[in-house]
Every structure is written in structure tokens, then in C-alpha cells.
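> need a structure here:
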Amino acid sequence: MPDLQILTPDGDSRIVPLDTERLTIGRSSASDLSFPDDNGLSRQHLSIERSGQGWAVTDLASKNGTILNGNRVASKTPLKAGDRIMAGHLIIVYDGTTMQQSRPVVVFDPNREDEEEHTSSSTVITNLEGAIRTDKQGDAAGVAAAQISALVRAGNELSGHRPLPELFRFILDLAIGAVKADRGVLLTIEEGDLVVRANKGEGFHISSTVRDRVLTSGASVLVRDTSIDDAFRERKSIVEQNIRTLMAVPLQTRDQIIGIIYVDSPSLLREFTRDDLNLLTVMANVAAIRIEQSRFAEMEQARKLLARDLEQAADIQRQFLPGTAPPVGGLDLAGHNAPCRTVGGDYYDFFPYENNRVAMVLGDVSGKGMPASLLMMGLQARVEVLAEEPRDLALVMTKLNRITAANCPSNRFITLFFCILDGDTGELTYCNAGHNPPVVARADGSHELLPGGGPVIGIIGSIEYTALHAHLDHGDTLVIYSDGVTEAANTLDDEFETDRLAEAVAGVRDQSAEAILAEINRAVASFTVGVPQGDDITVIVAKRK
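Below you'll find the model as predicted:
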């Protein structure tokens, strides 16, 4: 059956056999293959289904479209071997293996009791080092001129770029042609299992002992004549298929064994020789290195694609955050956000009202990166709707939690501080949903933390929140911040903590909100010098004039 190779933005490669009539891919859990963190995918993005003797891809009216070999899929489109599909941030490669197989491509026959220690005169075992050493001894004891030519051709042909499914088939064709085998199969190790990646023929029965020797010790195995080899001549599968000579060699890089090439033939007009085994062993080594290079190249391509998309996502996210604080009579406002990755899960905003009043909100989505960013943008949209001149802040928070809990993944939550400050009176009304208590830096140099609050948002939808009250005198400063500030750690793993934040604010309390914000950022950067930023940092400063 054909396979799909799916490359994700983080470089993971996943092999998915097409063993059903129709396969859907999308962001929704209702899709057969679900990628909920890929915001480039629609909930039901595309389908791949049987079409006649082959397979076809259909775009399911997705928002961003499905791209096949650089062209947008407008209708049901047949697939051919090596086709590359781009959907969201995924790269999907279709390998195109024929569907006409009514039986398994490969069966691993169980070991016989006496087979583990058995080696007959018909069996030759070597390894890569032995094959290379033999080759260097010259034509009399090594590879014939035609075989050297085959190695040179393999090196030249494998130097070009091919998609992995095409590369697997090409390697197998080279191997079969070089040793004049009748048929063969190439398997790679995927998550601990051997997966058929290319085959010429079907119904292969491979001895488990041979398989284990190849995979565990890097041995290359040749059985010249199965009819005189005790381990094979009584095997029903070998007799029924009239297999007379066979070889199995490792796909081996310098560091690891990544698979097997197996070939066999039913005829003894030309039995495989030690020279064939040496040739196939060295050729498989060259092929394995090329496979790994191709895998790394595709991972790098996926990484670059992700980096580009993340930069675009970051640009969009920045547009959702306020560029500058709004002017509000009686108040001096400033805000800042610095994600620790390209995109982040912190959010802040200002909502000015009439009569010198302003709502301020700062939220922190659990986690980092793209998943947190997506939740943050959803939060931002809901807050904008609910923040239109709220008469009851507690009711706003209660509604916000109920809506968020209905759509928030079970492993995510949001801490949120939402307040309304009156520039004329200094009256502060606030709700705190599991967020760090803001600092009130008084004009006399003292400070206090705003008390009280409720649970985080997004877990229990039935929670009701209560509004609390405080007062800012002239010259007092309210500092709302995410835990990326107070939990920022230095080289000794000490955290910045609230006291250092209050101290930084007190030192510049007579200056503007922008100057206070700059001092907070400077103090955190100075404290954490030599340590990469580990969390998003977001701060709002509101000073009463």
C-alpha cells in the first residue's frame, strides 16, 4: 500500500500508510490525522482518497488552500509518486506504491531452534569494514571492474536531490541492477519498526535470524544456495517461491543502522557471490548516508518554512497589541511586550472610555510559542467585545471565563488581570483571575500588592468573579506584569521577584510611565545577564499625575 510521509514544522517525520478508503487531515480532532497546533490548517483541510487504481487529493474548502507541487488544488487531483503537498505548515509526500498487493510485502519468518548458531558453507557473513577491506585488495580478490563501475554510478546518481519516496525506489533499483537480482525490498526503521519503503516484487519471507543479524550487529548476510543450506532448504516459503540465492545488508551510516536492503533470485544460473555481497554492502552504506542527508535537508526545509511562518505570525500578533498607550486625562500610561520566542502567549491592551476612564487588561496563557499565541489571539478578540464600556467588571470576567472554558484545551489556562482606572478620582476597580498581584508604588516610596482574586480562566466555566477596589493618589503608580518579570532567573537560578520589581519602580517613581517601564526592563535584563529569556515579559505602567 502507498504511504504518506508527513513533515511537521518542528522537524518530525511521520510515516502514515494509506490503509483506508479515505483519509482526512486538519486541525479538528474529527480529522483522521489531527494537527491542532497548526494554525495554518483549517479544521477539515484536505482529504486523500482512493480514485480508480490510484489516489487523489481534494481540498476541503480550506481557508489557506492546499498546494500540490507548487500549484493550488482547485478540484480532486490524482497523485503520482513523489508528489509534494503543502497544507498549513505541513509537507506531505506521497510515495505512490502500487495498491495491487493482496498479501504483505514482507513477512519475517520465526527462528528455527537450531538456526541461531547455524552457519553453513553456503552462508557468507561480512560487514562494512570487511567489505571495504576486501575491495582494497584488488580485482583478484575483490570487486570486478563492472562492480566498481556500479559503485561509481551509484555515487554519481545519488548525489542529486530527490524526494525521499523517489530516493528509496531509486536506491533499490540501483541495488537490484548492480547484483542482477530478480527482486528486492528496502525497509527503514521508523519508531522501532521496519517499514517497507520500496519494493520490486512481493511476498518476501525474510528469516528473523537474518534480520536480527543485520540490525543488531551490522552484518551483511549471503546465502549462495538455499537448497543446500539447512537453515533454509526446509522452509516452506523458500521452497514455494523457489528462492535459491539471497542477500541482506544493512543501510548503515557512521553512527547507526537505519534499515535493510534484501534481494533474492530463484535461479542458480547466477548465484550471488561474496563480491556481490561486498558491492551491495558498500552501496547500501553510500545509500544510507544519502538517505540521512535527504532527511536532514527536508527537516531543514521544514524548519525554514516554520521560521518564515513564525515571523509572519509575530508580525500579525504585534499588530494586535497596542503600538502606544492612549492619552487619558489625569493618567500617564505605558505598555511593553517581549515574547521569549518568535510568538508568545502574553497579551495586554488599553480601552479608553469617556470621562478620563481607561480599562487595562494583561493576560498570560499557559505555555509558550505558537499554541499559546493562538489562545492569546482568541482571548484578545473576546476581551475586545466584552470591554466595550463595561458597567459590571465582575460580570465581564465571568462571561469571559465561561466563553473561554468552552473553547480552551484541557491542558491550557489563562491568568488575567482586568481593571478600570479613573484618571479624575484615582478610583481603581479590578478583577484578578489567578494572575500575579499588581504592584502599587506609592509616591512616598512605599509599595503594596493588590489583594484578592479568583481562579484562572478557562478551566471551570461556572465560576463567578468578584470586583475589588483600590485607590491611587497623585504620584502613585500601578504596575501590572506577567510572571516572566518576577520569575526571570539569573545564573544562580535566583528569581527577580516582586521586591526587586518594587525597588526598581521606587527608584524612578518621580519620572514618566515610559521611564518607569524602561527601568523595569533594564533591571530585569541586568539581573538575568548571561541567561536566555525563559518566558514572555509583559508590563503595563499606569501613573496618576
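> Can you show me the helices along this structure?
Applying DSSP state H to the chain gives helices spanning 128-135, 145-157, 164-179, 208-217, 236-241, 274-320, 369-386, 393-407, 483-486, 497-507, 513-527.
> could those go into TSV alongside mean pLDDT and distance to Pro250?
Yep, even glycine has a C-beta here, placed from its N, CA and C like the rest. Formatted as TSV, those follow (pLDDT from 0 to 100; distance: least, CB to CB, whole Å):
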stretch	mean pLDDT	distance to Pro250
helix 128-135	59	8
helix 145-157	60	16
helix 164-179	87	13
helix 208-217	88	5
helix 236-241	58	22
helix 274-320	79	6
helix 369-386	74	38
helix 393-407	88	50
helix 483-486	92	49
helix 497-507	95	56
helix 513-527	96	52
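> could these go into TSV alongside distance to Ile463 and mean neighbour count?
Output for the helices of the chain, formatted as TSV (distance: least, CB to CB, whole Å; neighbours: other CB atoms under 10 Å):
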stretch	distance to Ile463	mean neighbour count
helix 128-135	64	17
helix 145-157	65	14
helix 164-179	50	21
helix 208-217	55	18
helix 236-241	65	14
helix 274-320	26	18
helix 369-386	16	19
helix 393-407	6	19
helix 483-486	21	22
helix 497-507	26	18
helix 513-527	31	18
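> would you turn those helices into TSV with distance to Phe108?
TSV is the format used below for the helices of the chain (distance: least, CB to CB, whole Å):
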stretch	distance to Phe108
helix 128-135	23
helix 145-157	27
helix 164-179	18
helix 208-217	5
helix 236-241	11
helix 274-320	19
helix 369-386	40
helix 393-407	47
helix 483-486	53
helix 497-507	60
helix 513-527	59
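> quick one, which of the ones you listed is nearest to Ile257?
Nearest to Ile257 among the helices of the chain is helix 208-217; the distance by CB to CB comes to 5.8 Å.
> circling back: which one of the helices of the chain lies nearest to Ala443?
Set against Ala443 and scored by CB to CB, these come closest in helix 497-507, at 10.1 Å.
> who's in contact with that closest one?
Surrounding helix 497-507, the residues in contact under the criterion CB atoms under 8 Å, 6 or more residues apart in numbering are 436-437, 439, 441, 445, 447, 449, 477, 479, 481, 485-486, 516, 519-520, 522-523, 527.
> can you rerun that using 7 Å?
The contact list for helix 497-507 (CB atoms under 7 Å, 6 or more residues apart in numbering) reads 439, 441, 445, 447, 449, 477, 479, 481, 485-486, 516, 519-520, 523, 527.
> roughly how far is that helix from the heart of the chain?
Distance of helix 497-507 from its chain centroid, counting by CA atoms, centre = their mean, to the nearest Å, is 39 Å.
> Out of the helices of the chain, which gets nearest to His471?
Using CB to CB, these put helix 393-407 closest to His471, at 15.8 Å.
> quick check: angle from that closest one to helix 369-386?
140 degrees (axes from the mean of the first three to the mean of the last three CA atoms, to 10 degrees).
> Next, count neighbours for the spatially closest residue to Ala338 that is not a sequence neighbour.
Counting by CB to CB, 6 or more residues apart in numbering, Ile537 is the residue found nearest to Ala338 once chain neighbours are left out, at 4.6 Å. Ile537: 24 surrounding residues under other CB atoms under 10 Å.
> separation between Ser220 and Val195?
As defined by CB to CB, to the nearest Å, Ser220 lies at a distance of 21 Å from Val195.
> ok so, going back, doesn't Gly484 make contact with the residue nearest to Ala338?
Yes: in terms of CB atoms under 7 Å, Ile537 counts as a neighbour of Gly484; the distance is 4.0 Å.
> how about the nearest residue to Val185, chain neighbours excluded?
Nearest residue to Val185 in three dimensions, chain neighbours excluded: Asn199, at 4.2 Å (CB to CB, 6+ apart).
> Now do the strands in the stretch 351-500 of the chain.
Using DSSP state E, counting those that start in this stretch, the strands of the stretch 351-500 of the chain run over 357-365, 414-422, 427-433, 439-441, 447-449, 468-471, 477-481.
> Great, nothing more from me.
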